[in-house]
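**Student:** The following comprises the amino acid sequence and a computationally predicted model.
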Amino acid sequence: MSNSRDITIDIRQLQMGRRSLLQGLGVAAVGISFGGLAACSDSSGGLASTGEEATLNFYNWDTYIGETTLDDFREASGITVNMSLFATNDELFAKLRAGNPGYDVIVPSNDFVERMVQAELVQPLDHSLIPNMANIDPSFIDVSYDPGRVHSMPYTWLALGIGYRKSKVSSPPDSWKVLFDSNEYANRIALLSEAGDVMRLGAKYLGHSVNAITPEIIAQVEAMMIRQKPFIRTFHEDNGQDLLLSGEVDVVMEYNGDIAQIMTEDDDIDFVIPKEGSQLNSDNLCIPVGAPHPKNAHMFINNLLDAEVGKKITETILYPTPNAATKALMPAEYAANPVIFPPADLLAKCEYAAYNATNQPLYEEAFTRIRAA
């Protein structure tokens, strides 16, 4: 990431809540090293059982790992994980397209898995090195964006919706209208800063499938969003939950797991999937082309898919897990939480977005004009 600096943090001293590490450290991007090694470190840690140097470089979303996951993996394998953070799929893609600077495992969302496969930025996985693949719910194996899981393993699935402060709304904001087409919460609105998500959900509000968007629909969404721009406080960098928790905004486009986490800290916060439906995502574990430690990467991915390891991660991040063995270990209130697992009638209106090579540059160009308006 540009303008980043490396900071070493002892994760045992860190309370991982969903408050943004990036925001708390006051930097735009941060490389975090666990165990006192700088990101993309040298081989001073010796050799792992894989025969590779005992280090692994992990490029992940902010606060998207268990409190002790990386320390536990180091103790079990002798491999130190150096975790750096990105805020959007666009940032992740740009970083890898410029040439892998040394990452071994990355966490792209479903449409970006498809995009990165097409761009030859991720390498095929050796399933024989990932026996914990057997723990994955079968419905997450033969997926449209990566049939047979040739290039990816599922990490979480998630739903976009509206997080809101109950005391600041007259009624639950059950329509995308409050974010895209209303001045009811002027200057108290935060939207994601990822072009595709904003454009697709704007189209969803206008009655279209997220996978049936034409240039004409993109133009309609752009015009609507330019009208709405004066009422939007910010386009957030994966920290909408922090803005809501701090009181800087009252309504925010955000993922269900992010809002579920801050709901444990503030009972004035809630989450809803709008009545028009929404976009589902799945975040995935991939090994980029040029990974310096591919055997360590397979070992790490297999570890993350272990049932008990997955349980500790899920208890921290509170996202829906595609790991059936992990879900079986979670308490009943997890599966019964309607924020984490939205009601079936609302999920039926939601769709996974496919990568559209024709539309993606149009989304980015339109979003640039929206942000500049």
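**Tutor:** Nice, I can see it. Residues are numbered from 1 along each chain as shown.

**Student:** After the longest strand seen in the chain, which helix or strand is next?
**Tutor:** Using DSSP state E, we find that the single longest strand of the chain is strand 153-165. Past strand 153-165, further along toward the C-terminus, the next helix or strand under DSSP states H and E is helix 177-180.

**Student:** which outside residues touch that following helix?
**Tutor:** Contact partners of helix 177-180, identified using C-beta atoms under 8 Å, 6 or more residues apart in numbering, comprise 162, 173, 184-185, 189, 191, 201-202, 205, 224-225, 228, 251, 253. To be clear about C-beta, it is placed using only N, CA and C from the backbone, and glycine gets the same treatment.

**Student:** what pLDDT, on average, does it get?
**Tutor:** Model confidence over helix 177-180, given as mean pLDDT, is 98.

**Student:** Please identify the buried residues of that helix?
**Tutor:** For helix 177-180, the buried set under the neighbour-count rule, 16 or more other C-beta atoms under 10 Å, comprises Val178, Leu179, Phe180.

**Student:** Could you do stretch 182-194 as well?
**Tutor:** Neighbour-count burial for stretch 182-194 [16+ other C-beta under 10 Å]: Ser182, Tyr185, Arg188, Ile189, Ala190, Leu191, Leu192, Ser193, Glu194.

**Student:** can you check stretch 67-81 too?
**Tutor:** Glu67, Thr68, Thr69, Leu70, Asp71, Asp72, Phe73, Arg74, Ser77, Ile79, Thr80, Val81.

**Student:** How about stretch 235-243?
**Tutor:** In stretch 235-243, counting by 16+ other C-beta under 10 Å, buried: Phe235, His236, Glu237, Asp238, Asn239, Gly240, Gln241, Asp242, Leu243.

**Student:** and those, which of them are in helices?
**Tutor:** Per DSSP state H, helices hold the following members of the buried residues of stretch 235-243: Gly240, Gln241, Asp242, Leu243.

**Student:** Rebuild those residues as a markdown table, extending it with distance to Ala336 and pLDDT.
**Tutor:** Output for these, formatted as a markdown table (distance: C-beta to C-beta, whole Å; pLDDT from 0 to 100):
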| residue | distance to Ala336 | pLDDT |
| --- | --- | --- |
| Gly240 | 25 | 95 |
| Gln241 | 22 | 95 |
| Asp242 | 27 | 95 |
| Leu243 | 28 | 97 |
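
**Student:** quick revisit: quick one: which of the contacts of helix 177-180 is nearest to Asp62?
**Tutor:** Nearest to Asp62 among the contacts of helix 177-180: Met253, at 16.5 Å, using C-beta to C-beta.

**Student:** which residue ranges form the strands in the chain?
**Tutor:** With DSSP E as the criterion, the chain has strands spanning 5-8, 30-33, 55-61, 80-86, 105-106, 153-165, 189-192, 232-236, 251-255, 269-272, 279-285, 351-352.

**Student:** Kindly reformat these as a markdown table containing mean pLDDT and distance to Ala335.
**Tutor:** Shown next, in a markdown table, are the strands of the chain (pLDDT from 0 to 100; distance: least, C-beta to C-beta, whole Å):
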| stretch | mean pLDDT | distance to Ala335 |
| --- | --- | --- |
| strand 5-8 | 27 | 36 |
| strand 30-33 | 34 | 31 |
| strand 55-61 | 97 | 23 |
| strand 80-86 | 97 | 28 |
| strand 105-106 | 98 | 28 |
| strand 153-165 | 97 | 14 |
| strand 189-192 | 98 | 27 |
| strand 232-236 | 97 | 29 |
| strand 251-255 | 97 | 18 |
| strand 269-272 | 98 | 17 |
| strand 279-285 | 96 | 17 |
| strand 351-352 | 94 | 21 |
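
**Student:** That concludes my questions; thank you for your assistance.
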